[in-house]
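Peer 1: For reference, the sequence and a predicted model appear below.
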Amino acid sequence: MPLDFSFDAIQHTEFGVGREIDGEEDFSLLPVDAAVQTALQEMARSTWNTICGFEGEGRMYEPSEKYAPQEYVFLRIDSTLAENLRQLHLANNMELDAGALNPTSAIYCYFARFTDRNGRRLTAVRRATQFKGIVKSRLIQFMTDALKIVTDTTFRLDHDFDLLIDSNLIHILHPAGFEAIGKLQEAVCGAVPENIEVISAQMEFVDFTRIQEYAESHPRAARYLASIRSLGETENISQPLLISVCATHGIGIEQVNGRISILAGNEMDFLNVLDRRMYRLELVEGTPERYKAGSRQKL
Amino acid sequence: MSVARKHEGLGFLRFIMVLASISPLFVLWAIRGTCQLPGAPCQLSNVPSQVPKETCLLPNNYFLIGCVIFIVVPNLLLLWRLRTAKQHSDTREIKVGRAEDHRDHLLVYLFAMLLPFYASNLTSWREFSATLLAVCFIVFLFWNCNLHYMNVLFAFFGYRIFTICPPDDGNPLSGRESIVLITRRATIFPGERILPYRLSNSVYWEVD
């Protein structure tokens, strides 16, 4: 997917950190000199070059999918899964806080925001795992001709960012980093009632009460629900076909007053059907095989 | 959002900027000195009249040197800060919600600083100590209230002082604090984006 930003026309660079203090998120800017600004620009450019190195145009991020540590996926910036990243990207006049590096243990991410000459903004975010590691470990560096321990707090920048945000999309290079920074687990668990409401409206013939109860205590199910809703996978589903697929895969359901009710213990399988993860092959005559896809891609 | 106290930063520089802002006072004091003019000789006295002598609290040269230091050093440091901000591209993107021209703050400065202290008497140690203490109080207040942008030199060079309030965009991460912009612009419109240099975390300077 194209990037709505020009690296050759960067006019302004900001740097900041995300902290979690007493369970509350806080983002602050820190003043940085020209050399650090250049390093941040190179990091962002390197991230985009890596993204461009992948074949194809990438695919839409789905919370139910399992991804490689480095893989290009994207997400629309107005997605409900990217609420805090959208706020970070769109925030104006973010406050400078010279003391934002303390306490270092509270820092969970760092970010850079760039503005080009056309007024377009690019936000780049990275988890601060390296930073915490550096603070805890002992560093050495060459001073005169002897090695000495560096006792000061050191902030180490990485080679690339986890994700880039332009005016339309979140370009994700490290999906695990995106999930950690975007607090995806909390977001999808918190969105269960809303997702159930949307899906229920599209599938009035299914009683989702048991699914909701299950998803509220099982993050994996909550991720499936978020994925099903974000891809609009429940629109125009046929009741007889759904009953038929459930029977094929041995998913326990019952019909009460014309509505499908999912039996206890079958919740994940039912969600797998809605998320198009259950499939059946018959390559050997008379021996049908059923599979569950950990990852799938629409052809 | 956390309500943790933000670290203001650049405390010494803000103090220097306050000193730079009161440098006109040291100009006036340098001209006045700490000497008391002699009184008129008594004509009715039988004592033969003597040439009246000027009495000085401090030697004029020392007092003059002290005043010059307080005039030159803070302003040189202010110029150094401006240069450093330009060298390091120390800018901040500001989106304007509302802009208010605050030239009238110079009047506050005039009445709070120049007039009272110019009129004060520096010819006795008691008066001198009280005046210095009062200046310290004012400097602390200007420093604490972030009024370090009030510098007559900016006005001399055609700069105006604007207070920029951020737009109310409903974003919890957007800044809520107003900043002071020193610029040669006559007007600033809501919605404009400005890239000024940072003098302190609350005062910014826009180059033409």
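Peer 2: On my side now, so go ahead.

Peer 1: ok, the helix or strand containing B:Ser129 near chain A or not?
Peer 2: In this assignment (DSSP states H and E), B:Ser129 forms part of helix B:125-144. No. Judged by C-beta under 8 Å from any C-beta of the partner chain, helix B:125-144 and chain A are separated, with a smallest distance of 15.9 Å. Placement of C-beta: from N, CA and C, glycine included.

Peer 1: B:Leu105 and B:Val27: what is the separation?
Peer 2: One correction, residue B:105 is His, not Leu. Separation of B:His105 from B:Val27 (C-beta to C-beta, to the nearest Å): 20 Å.

Peer 1: Let me see the confidence value for the nearest residue to B:Met17 once chain neighbours are set aside.
Peer 2: Once flanking residues are discounted, B:Met17 sits nearest to B:His148: 3.7 Å by C-beta to C-beta, 6 or more residues apart in numbering or on different chains. For B:His148, the model assigns a pLDDT of 81.

Peer 1: number of nearby residues for B:His148?
Peer 2: 25 (other C-beta atoms under 10 Å in any protein chain shown).

Peer 1: quick one, what contacts the residue in the stretch 101-250 of chain A positioned nearest to chain B?
Peer 2: Per C-beta to the nearest C-beta, the residue of the stretch 101-250 of chain A with the smallest distance to chain B is A:Thr115, at 5.9 Å. Shown in contact with A:Thr115 (C-beta atoms under 8 Å, 6 or more residues apart in numbering or on different chains): A:10-12, A:121-122, B:93, B:193.

Peer 1: what about B:Phe26, distance to chain A?
Peer 2: The spacing between B:Phe26 and chain A, counted by C-beta to the nearest C-beta, to the nearest Å, is 30 Å.

Peer 1: is it fair to say that residue lies in a strand?
Peer 2: No. Assigned with DSSP: H, G, I helix; E, B strand; the rest coil, B:Phe26 falls outside any strand and is helix.

Peer 1: Distance-wise, check it relative to B:Val68.
Peer 2: 8 Å.

Peer 1: Run through the residues of chain B sitting next to chain A.
Peer 2: So far as C-beta under 8 Å from any C-beta goes, chain B lies against chain A at B:1-2, B:4, B:6-10, B:87-95, B:166-167, B:169, B:171-177, B:179, B:193, B:195, B:198, B:201.

Peer 1: So which of the residues you listed are in helices?
Peer 2: B:Gln87 (DSSP state H).

Peer 1: Is there proximity between stretch A:44-54 and chain B?
Peer 2: No. For stretch A:44-54 and chain B, the contact criterion (C-beta under 8 Å from any C-beta) is not met; the two come no nearer than 16.0 Å.

Peer 1: what's that stretch in contact with?
Peer 2: A:3, A:7, A:58, A:70-72, A:112, A:114, A:122, A:124, A:159-161, A:164, A:171, A:173.

Peer 1: do stretch A:276-284 as well
Peer 2: A:64, A:233, A:245, A:248-249, A:269, A:272, A:288-294, A:296, A:298.

Peer 1: Repeat that for stretch A:68-84.
Peer 2: By C-beta under 8 Å, 6+ apart, stretch A:68-84 touches A:1, A:25, A:50-51, A:54, A:58-61, A:63, A:67, A:85-86, A:89, A:165-176, A:182-184, A:187-188, A:191, A:194, A:226, A:230.

Peer 1: Quick one, which of those are buried?
Peer 2: Among the contacts of stretch A:68-84, those buried by neighbour count (16 or more other C-beta atoms under 10 Å in any protein chain shown) are A:25, A:50-51, A:58, A:60-61, A:63, A:67, A:85-86, A:89, A:165-166, A:169-176, A:182-184, A:187-188, A:191, A:226, A:230.

Peer 1: returning to that earlier point: give the buried subset of the contacts of stretch A:44-54 as a PyMOL selection command.
Peer 2: To isolate the buried subset of those in PyMOL, counting by 16+ other C-beta under 10 Å, use the following:
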select buried, chain A and resi 3+58+71+72+112+114+122+124+160+161+164+171+173
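
Peer 1: Would you tell me what the next helix or strand after the helix or strand hosting the residue of the stretch 101-250 of chain A closest to chain B is?
Peer 2: Per DSSP H and E, A:Thr115 falls inside strand A:107-116. Using DSSP H and E, the helix or strand that follows strand A:107-116 in sequence is strand A:121-127.

Peer 1: what inclination does that following strand have with respect to strand A:107-116?
Peer 2: 160 degrees (axes from the mean of the first three to the mean of the last three C-alpha atoms, to 10 degrees).

Peer 1: Okay, buried residues for the longest helix seen in chain A please.
Peer 2: The helix that spans the most residues within chain A, counting by DSSP H, is helix A:34-52. The neighbour-count check on helix A:34-52 (16+ other C-beta under 10 Å) flags A:36-37, A:40-41, A:43-45, A:47-48, A:50-51 as buried.

Peer 1: roughly how far apart are A:Ser261 and A:Val245?
Peer 2: From A:Ser261 over to A:Val245 (counting by C-beta to C-beta), the distance is 16 Å.

Peer 1: right, I mislabeled it, should have said A:Gln297
Peer 2: 20 Å.

Peer 1: So between the two, which is more surrounded?
Peer 2: Neighbours were counted for A:Gln297 and for A:Val245 using other C-beta under 10 Å; A:Val245 has more, 18 against 8.

Peer 1: ranges for the strands of chain B?
Peer 2: With strands called from DSSP state E, chain B shows them at B:35-36, B:55-56, B:94-95, B:98-101, B:160-165, B:179-183, B:193-194, B:197-198, B:203-205.

Peer 1: In a markdown table, list these along with mean neighbour count.
Peer 2: Shown next, in a markdown table, are the strands of chain B (neighbours: other C-beta atoms under 10 Å in any protein chain shown):
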| stretch | mean neighbour count |
| --- | --- |
| strand B:35-36 | 16 |
| strand B:55-56 | 13 |
| strand B:94-95 | 20 |
| strand B:98-101 | 15 |
| strand B:160-165 | 20 |
| strand B:179-183 | 23 |
| strand B:193-194 | 16 |
| strand B:197-198 | 20 |
| strand B:203-205 | 23 |
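
Peer 1: For A:Val32, find the nearest of the ones you listed.
Peer 2: Among the strands of chain B, strand B:197-198 comes nearest to A:Val32, with 11.2 Å by C-beta to C-beta.

Peer 1: what is the mean pLDDT for the closest one?
Peer 2: 93.
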